[in-house]
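> sequence below, structure please.
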Amino acid sequence: MRTPTISLLIIGISLLVSAQKTAISFKDVSADGGINVSHISTADNRYIIESMSGGAAVLDCDGDGFLDIATVNGSTVENFKKGGDPFITLYRQKDGAKTKTPRFENITVSANLTRKGWGMGVTAVDYDGDLNVDLFATGFGGNAVYRGKGGCKFEDVTEKTGLKGIGFQTGSAWADYDRDGDLDVFVPGYVSLDLNNLPIFGSSKTCSHRGIRVQCGPRGLPGERDFFFRNKGDGTFEEIAEKIGVADNGKYFGLGAIFSDYDNDGWLDLYVANDSSPNYLYRNNRNGTFSEVGFETGTSYSGAGVEQGSMGVTMADYDNDGNVDIFVTNFENEHNTLYRNLAVKGFLDVSAESGVGQPSKALVGWGTAFIDFDNDGLLDLLVLNGHVYPQMELVKSETVEGFRQPFLLHRNLGSGKFEVVTDFSGLQELPSFSRRGAAFADLNNDGLVDVFVVNLGGVPTALLNTSVNKNYAILLKLIEKGRNGDAIGARVTLTTNRRSMIREVQAGASYLSQNDLRLHFGLAWGEIIRSAEVRWSDGKTEKIEGLQPNQAVTLEQGKGVANTGMLRRLEN
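Predicted coordinates:
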């Protein structure tokens, strides 16, 4: 029989080997990088509106090839009644070509991003096809729309576009769902609130958690409907959610949303993460309408048939079988859910057997993404966590974390299973926050995907991926003909001497956020690229050959490779 000391030694050696094997690490570069504007919230979060913001988006607003960052600011009930706070803070990356550590400057005022309100989420797309990136911020009581004019300058066109909306709007996801050449946007609604008649803190059963008085909702509050805005091609939009079948007549509590082609028919489908209510999977009928198929595909509930408190969502092919899978972050005591795509057989909840379920049960999950952080050709998972109730600090225990919660980093083992490697990544050393949205992008063009994190009531965190190994990567920027110049909705299948991997250009994901529109493929040591097949958003396909690792490549529809540059791969 082993003694406890020997057993602990064996466990320690096992963990050390695991840490060396994973080689995923991050460094907080926020302070040195100039990130200094705090997200606005209250200390006690007495109302649900105060605990749900906010998102971030990456964009290249000045066309210099280095990504800039837009983050929402949030607000408070008191501030909002006085006019609110600026929806967005915009950080421009400066001196990108001169330093490996990204540095930013706050250009919000000079960019003309001055509209006030209560920001929730943000996305960045060129919705009018003029080759300048635009910004769309969702919010409580109305959204904000900024039309890009080039050079990181913007014009407030909120009223002109028809996108202002009403109520409590949260995530947003863009796609050319009907293949007419223009980008359309889906916006979920959350709960219905009257700030002059807010539910009283701790006043009923739905305003209590673990025997402690807390904010009320979402259960016990009326829900909001969802919106779908179709692009009319003239800079304006029309709301058609009811007409096309995505209005959410049940008025569930909508948060995260993402477009992806889950059934491989070339048309983009839509998944919606609903808090404390069933999730939606809308199949594109290829005639301008959708059919809700969540229940029949097994993606509305957990595998046990239970509705969950869903917040963040990501869709990608984590097992490289050619089918896009779904991962959803959920509330405390409800595991995060991984739905494996079984093609014609629907989806299977593999949270337990994959290893991503149990570690999440004491946490409240938000921003997330399937990302190959160590460039081994396998998509890993990062999850941001944080409670909605600051009062949970009073009951912190082995079974429930407090208000401020740690990250969860799952490394993909390539066997259908993940291992938790948070403690060896540098993430455990970061200051504690209750975190919300996250945008994932290669900020310094070194071939490693970094993370920008929104902290509720705190300064955001810029995490530089400092993983060191012998692997490489390739970054693909797609340029499509017509008004959808960023090829949102396109898919690339990269075939190597070892496997095939698929990535999709997605605008809107994680939690109320948007990731890099460039497609990142990790390439293990010695892996050789055979070809890349691009399926553009209009359904046309073309095959590209001659691609090499450690490159940032621009692919232009109908012309193939338009530009190539080297990635600044970290020295081993």
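
> contacts and neighbour counts: CA atoms only from here.
Will do.

> G96 versus R568, what's the distance?
Remark: distance between R568 and G96 (Cα to Cα, to the nearest Å) = 11 Å.

> need the contact list for F407.
Residues counted as contacts of F407 (Cα atoms under 8 Å, 6 or more residues apart in numbering) are 382-385, 422, 427-428.

> the residue lying closest to it once chain neighbours are set aside: helix or strand, and which one exactly?
Spatially, and ignoring its direct neighbours in sequence, F407 is nearest to L384 (5.1 Å; Cα to Cα, 6 or more residues apart in numbering). Taking DSSP states H and E as the definition, one finds L384 inside strand 380-385.

> what's the average pLDDT for stretch 293-308?
Mean pLDDT, stretch 293-308: 97.

> hang on, the residue nearest to F407 packs against A369?
No. Applying Cα atoms under 8 Å as the test, L384 and A369 come out as separate, 9.8 Å apart.

> which one of the two is surrounded by more residues?
L384 (29 against 26; other Cα atoms under 10 Å).

> any buried residues in stretch 49-63, and which?
When burial is assessed from 16 or more other Cα atoms under 10 Å, stretch 49-63 yields the following buried residues: 49-62.

> now those as TSV including pLDDT and distance to P222?
TSV is the format used below for those (pLDDT from 0 to 100; distance: Cα to Cα, whole Å):
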residue	pLDDT	distance to P222
I49	97	14
E50	97	17
S51	97	17
M52	97	16
S53	95	19
G54	94	22
G55	98	24
A56	98	27
A57	98	29
V58	98	33
L59	98	35
D60	98	39
C61	98	39
D62	96	42
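
> and of the residues you listed, the nearest to N274?
Taking Cα to Cα as the measure, M52 is the one of the buried residues of stretch 49-63 closest to N274, at 13.2 Å.

> how far away is the closest one from R568?
Taking Cα to Cα, one finds M52 at 37 Å from R568.

> show me which of R568 and G96 is the more surrounded one.
G96 (19 against 16).

> helix/strand/coil for that one?
Using DSSP: H, G, I helix; E, B strand; the rest coil as the criterion, the local structure at G96 reads coil.

> so what's it scoring on pLDDT?
Value for G96, per-residue pLDDT: 77.

> give the contact list for it.
Counted by Cα under 8 Å, 6+ apart, G96 has contacts 66, 102-103, 444.

> all the helices of the stretch 301-450 of the chain, residue numbers only.
For the stretch 301-450 of the chain, the helices defined by DSSP state H, counting those that start in this stretch occupy 351-354.

> where in it is pLDDT low?
For the stretch 301-450 of the chain, no stretch has pLDDT under 70.

> I'd assumed L163 was in contact with N143.
Yes. With contact defined as Cα under 8 Å, N143 reaches L163; the gap is 7.0 Å.

> do you know how far D372 is from N497?
18 Å.

> who has more neighbours, those two?
Legend: neighbour count by other Cα under 10 Å for D372 and N497, higher for D372 (23 against 11).

> contact partners for that one?
378-380, 449, 521-522.

> what about burial for the residues you listed, which qualify?
378-380, 449, 521-522.

> let me have those in a markdown table, adding distance to I529 as columns.
Shown next, in a markdown table, are the buried ones among the contacts of D372 (distance: Cα to Cα, whole Å):
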| residue | distance to I529 |
| --- | --- |
| L378 | 15 |
| L379 | 18 |
| D380 | 21 |
| V449 | 20 |
| F521 | 11 |
| G522 | 11 |
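
> show me where the stretch 251-400 of the chain has its strands.
253-260, 269-275, 280-284, 290-292, 313-316, 325-328, 337-341, 347-349, 365-371, 380-385 (DSSP state E, counting those that start in this stretch).

> most neighbours among the contacts of F407, please name it.
Going by other Cα under 10 Å, N385 tops the contacts of F407 with 31 neighbours.
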